[in-house]
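S.K.: Below is the sequence, then the predicted model.
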Amino acid sequence: MMDAVVTTRTLTLLGIDTAAHSIGVLAPGVQLESFDKGPDNRALLQLQSGIKGKLGEMGQAGVSRTSYDKLAAFAEGGVISDPDALLVAMRVAERDLHHHQRELLASAEGVTRPVPAIEDARLVELFESHRADFANNHVDALPTAYLAKGERASNPRDGFAPIIEDKTGTEVLWMRCPSDLGGLASVVTPYWMDGSVGMVIYRNERVGVVGAIQVTGAVRNDWNSLQRGAYMSLGGVMAEGMTLDQALPTVVDKANDMIKWEVINELLGADVQLGPAKSLLVYASEKYAALTIHAIVMRFLGIYIGGNDQGVYQSEAALLSAMAPRNFAGNRMADPIYRGRVPSPYTAGGVNEWLLLALREHVGDMRAPVAFQGYGGVGAPLVDMAIRQGLNISAIMDSDVAALKRAGKDINRHGFGAVPLLFDVSGARERLGGDDARLRDMVAEAERARFTLVEQGGLAGCLEKLRIMDRIPRLVSTNANAHVVGSNELDFAKTYDVAGFVGGANNPLTRESLAQRAVNHNIFIPWGPMINPMGALVVLADALGLSSERIEEANLRLRGLFYRSLAAHRRGVSPLHDGKEMVAATWNPKLSDGRAIGPRYGTA
């Protein structure tokens, strides 16, 4: 049998007191031997109770059937004859649920409201471990462009010493690798690409904000207004109410996919000289104050340029660009070369092109029903285009009641007819980071608006609800969160002939290993950077002097990327793999000749 090892993280996720290591059977980091359940084995009994208490949720949330059956047998009192098999089942359940950002198998006694990011003990320990450093390096105000000017611009990997800004009380750390994050290391390790430049993590206890800027890679840039030839990266700023277990993997994973700059190079036939990055702030209540702190840190770092993204609206983007005018793009408050154009409508336009082509070339029926997930900056204009083009809209799904209300009003304004509006309760729970009061208010509001509530299962739960309503779509356009298409969604698609998931969200798959499975079942799933680059492209309109004609030419070339991805799919290669190989062919040589720093992409 394989070595079966239980880690401290597994125990914690299972709600087991990690201080009770003397029990032995489930001690972290040791092989799990064959054992029987006994009255003195408190940890095992707690594990059994926890699994039993969560089986209902697991059945709706993406756990494979085999793992579910093994765990169910154990929870009902079966003797463990094969502890390895049990542990494998636990790990599969952990993997599936983790990618859906749910708490794993917490015991009935141990379930509590998720800890707000600013109060997370691992974060507190990380910053407290640098207390002496902060005492020796505090400034009235953080300097600007610290890694983008002078000698430091030649090697930003060196980062900076821990620093605190006295004026705002903001503490800032540079993390060169996951191990620098201490107790949070295991949260980002599965997503961190070897060779990534680094992460900035900061906190401000007065405001109640925690933020992270992940710089996966950077490119020597000649057009920025800080220092010619300084390394630069660009990616959106997200603002959410997540836990750190959700936020940190999200920002790292999304930063990795901002390698879409290589896709944009292909569309423009020129190098935009930018590397992949992303940032995210988790705020408690004072959102504008939190955004102000984030802008100060962006301005301090220098090598990162942000743009409005998930959870950041145009008025808030104006604040960020006014505070950090040379480190924010796509808003009129930024410095002239960074102003560009508002990205979301252009992202939606590119996704719309792919959606129409997928209906024609892959589905073969322009009247086939399409369901839309997400009605935000991309989803709303995309649905508007679908209405104007006469597409058959199966449903609109979202985890935000306000977004669904806007969708309802827009549909009525167009006189489009009845379209089911599905409120994803489990998605709202994840997005709110465990704020139970806000969730209850949102559910009550959804009920008053007579939206269809989907309590569990995320996207798979919504699709099952549409099956019951006899409104199964042939295509699903995923334009909300990443990692929404997992095993359950693919099983549903295979069973009920859903031909693909074609939307603007980065990383629609919960894990890359599912990409080939989708191809094998003829389920077309594009790689995010190939379908959604137009918004990122237009924020550079002023920096690169892009005319409307040049932007339209790039949009026409985007169709070529569709045919490339579909051709890969038809020859049995996942569009995700094909896309990564395409960007690797232009990115990796830059690493070799010093034009870029960061990780290697692709398999070559």
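M.R.: Thanks, I have the structure now.
S.K.: so who does the residue most central in space within the chain touch?
M.R.: What sits nearest the mean C-alpha location of the chain, by C-alpha atoms, centre = their mean, is T250, with 3.9 Å. With contacts defined as C-beta atoms under 8 Å, 6 or more residues apart in numbering, the neighbours of T250 are 238, 240, 242, 280, 482. C-beta: built from backbone N, CA, C; applies to glycine.
S.K.: In strands, which of those appear?
M.R.: 238, 240, 280 (DSSP state E).
S.K.: Do I have it right that the last one meets V209?
M.R.: Which is L280. No - with contact defined as C-beta atoms under 8 Å, L280 does not count as touching V209 (10.8 Å).
S.K.: residue ranges of the helices in the stretch 101-250 of the chain, please?
M.R.: Ranges of helices within the stretch 101-250 of the chain are 121-128, 131-136, 185-188, 244-257, based on DSSP state H, counting those that start in this stretch.
S.K.: Which parts of the stretch 201-350 of the chain are strands?
M.R.: 209-215, 218-221, 230-234, 237-240, 275-283, 304-305 (DSSP state E, counting those that start in this stretch).
S.K.: possible to save the ones you listed as CSV with mean neighbour count, distance to E464 and mean pLDDT?
M.R.: As requested, those are arranged in CSV below (neighbours: other C-beta atoms under 10 Å; distance: least, C-beta to C-beta, whole Å; pLDDT from 0 to 100):
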stretch, mean neighbour count, distance to E464, mean pLDDT
strand 209-215, 29, 35, 97
strand 218-221, 24, 44, 98
strand 230-234, 28, 39, 97
strand 237-240, 24, 26, 92
strand 275-283, 29, 31, 96
strand 304-305, 30, 41, 98
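S.K.: Among those strands, single out whichever gets nearest to G349.
M.R.: strand 230-234 (20.0 Å; C-beta to C-beta).
S.K.: and the angle from the closest one to strand 209-215?
M.R.: Using axes from the mean of the first three to the mean of the last three C-alpha atoms, to 10 degrees, one finds that strand 230-234 and strand 209-215 are set 120 degrees apart in direction.
S.K.: residues in contact with stretch 258-271?
M.R.: 216-217, 219, 233-235, 272, 274-278, 528-530, 532-533, 536-537, 544, 546, 550, 554, 557-558, 561, 579, 582-583, 586-587, 601.
S.K.: Which of those are buried, as a ChimeraX select command?
M.R.: Remark: buried members of those, expressed as a ChimeraX selection using 16 or more other C-beta atoms under 10 Å:
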select :216,217,219,233,234,235,272,274,275,276,277,278,528,529,530,532,533,536,537,544,546,550,554,558,561,579,582,583,586,587,601
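S.K.: so where's the chain uncertain?
M.R.: 1-114, 433-434, 482, 604 (pLDDT under 70).
S.K.: Same question for the longest helix anywhere in it: list its buried residues.
M.R.: Among the segments of the chain that qualify as a helix by DSSP state H, the longest is helix 548-570. By 16+ other C-beta under 10 Å, the buried positions in helix 548-570 come out as 550-551, 554-555, 558, 561-562, 564-566, 568-569.
S.K.: Same question for stretch 508-528.
M.R.: By 16+ other C-beta under 10 Å, the buried positions in stretch 508-528 come out as 508-511, 514-515, 518-519, 523-528.
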